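**Q** Here is a sequence together with a model predicted from it:
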Amino acid sequence: MNGIDTVLHPLAKRLHTNHMSLLGIANTMRLAHAYNRSKYRQHDAWRRSLYRERFAELLEENGPPAARRIEMKDGWAIDASMSLPHLDRVLDDAEEIIAERSGVRRSARGAYRSYFQDVWTPADLQRYPSFLDFATSSDVLAPVSDYLCSIPTLSTTLPSGIRFVESNAAYDDRPDSPHDSQLYHIDHYSLPNVYVLVLLRDTTIEHGPWTFLPRAISQKAATALNYWGRQRGYRVSDEDIHAVVDRKEVIEFCYPRGTVLFIESSGCFHYGSRNSVKPRFQLMIGYCGVCRTNFSELIMPPKTYPIRQSDSRLRKMVLNKGMLE
Ligand SMILES: [Fe+2]
């Protein structure tokens, strides 16, 4: 951390407290974006120009896409083809991880989001290469890059780059009423950021599915509710949302094992892990641009991802945010 960052560190922490409540979410995001742009303007321009001018070539070199290009519309796309590259390896490895680590609460009583448990460890990047192979495959990166109009990075702070999550009502200290991420919200980490969510087991309403509203409806609701304004908190009740959005617009990610959701969580209202009376197992891969809208890099050590010399340029760029020509 340089001298200025050391000075800014306590301020950044204060600005992040209670979901950016001091200045309000929108104001804090603007400030954070300006700060991150001052650092990464050049990286951002380079990634955008490569996407505009050389993306087809980068995809080809990374391994030509196997299927028709997935297109995110209105902030989301679901791929239920079960045919994405490396997906079968991911699902096999997931079974091993579930057998080894699930069913045991890891947090103390009263811990934040105890119902949502990430069992991924940094060592898994090497032990289970299928996950990064999937996350950097051309079939997955093409729709994410199209949406960002840039070459994305696998997030190194917030949102998390890779999480392997068990949601379980048995670990919930307040199972009777939805709270925290079980309530509607729009993520404020980076504009836009895209999650690729993979169902690692069949998921039904009893598993507390990821639940969302499409982007256009979400944005209309956000305006009506003055969401991200100073007076309004990060989480929004069902009552408030459904005062402005018809319940029939809600989409629940209830699909068979191996189904993949691409979603702009920074544009679509969403919640999840609500009353997971049957444990839900989901892989969450977080992509963003290089100029995020939070100060997470000032207050968290960044994650690093393994890179081999033989990796394609595209894969290297996704796994190394600091890369520059
Ligand atoms: Fe979220």
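**A** That came through fine.

**Q** Next, report how far the host helix or strand of Ala45 is displaced from the centre of its chain.
**A** For Ala45, the host element (DSSP states H and E) is helix 25-62. Distance of helix 25-62 from the chain centroid (CA atoms, centre = their mean, to the nearest Å) equals 17 Å.

**Q** Restricting to C-alpha, output whatever helix or strand comes next after it in PDB.
**A** Using DSSP H and E, the helix or strand that follows helix 25-62 in sequence is strand 76-79. The C-alpha coordinates for strand 76-79 follow below in PDB (Å, rounded to 0.1, in the frame of the first residue of the first chain):
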ATOM      1  CA  TRP A  76     -29.500 -11.900 -17.200                       C
ATOM      2  CA  ALA A  77     -29.300 -15.200 -19.200                       C
ATOM      3  CA  ILE A  78     -29.900 -18.800 -18.100                       C
ATOM      4  CA  ASP A  79     -28.000 -21.700 -19.800                       C
END
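
**Q** Counting by contacts, list what strand 76-79 packs against.
**A** Contact analysis of strand 76-79 by 3 or more CB pairs under 8 Å, 6 or more residues apart in numbering; DSSP states H and E lists strand 260-264 as its packing neighbours. C-beta coordinates here come from the backbone N, C-alpha and C atoms, glycine included.

**Q** Can you list the buried residues in the strand it packs on?
**A** For strand 260-264, the neighbour count (16 or more other CB atoms under 10 Å) marks Val260, Leu261, Phe262, Ile263, Glu264 as buried.

**Q** Can you tell me which of those residues is closest to Trp210?
**A** Leu261 (6.8 Å; CB to CB).

**Q** The buried residues of strand 260-264 into JSON lines, with extra columns for pLDDT?
**A** Below are the buried residues of strand 260-264 laid out as JSON lines (pLDDT from 0 to 100):
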{"residue": "Val260", "pLDDT": "98"}
{"residue": "Leu261", "pLDDT": "98"}
{"residue": "Phe262", "pLDDT": "98"}
{"residue": "Ile263", "pLDDT": "98"}
{"residue": "Glu264", "pLDDT": "98"}
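
**Q** Can I get these in a markdown table including distance to Val90?
**A** Shown next, in a markdown table, are the buried residues of strand 260-264 (distance: CB to CB, whole Å):
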| residue | distance to Val90 |
| --- | --- |
| Val260 | 10 |
| Leu261 | 14 |
| Phe262 | 15 |
| Ile263 | 18 |
| Glu264 | 22 |
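
**Q** Can you tell me which of these is nearest Phe164?
**A** Using CB to CB, Val260 comes nearest to Phe164 of the buried residues of strand 260-264, at 14.9 Å.

**Q** Tell me the buried residues in the helix holding Ala45?
**A** 25-26, 28-29, 31-33, 35-36, 40, 43-44, 46-48, 50-51, 55, 58-59, 62.

**Q** Pro209: helix or strand, and which one exactly?
**A** Assigned by DSSP H and E, Pro209 falls outside every helix and strand.

**Q** Does it touch Ile251 like I think?
**A** No. Look at Pro209 against Ile251 with CB atoms under 8 Å: they stay out of range, at 9.4 Å.

**Q** more crowded one of the two?
**A** Pro209 (25 against 17; other CB atoms under 10 Å).

**Q** residues in contact with that one?
**A** Listed by CB atoms under 8 Å, 6 or more residues apart in numbering, the contact partners of Pro209 are Thr203, Glu252, Phe253, Cys254, Gly272, Arg280.

**Q** out of those residues, which are buried?
**A** Thr203, Phe253, Cys254, Gly272, Arg280.

**Q** Which helix or strand contains Asn226?
**A** Going by DSSP H and E, Asn226 is not in any helix or strand.

**Q** quick one, phi/psi of it?
**A** Asn226 adopts backbone torsions of phi 50, psi 40, taken as degrees, to the nearest 10.
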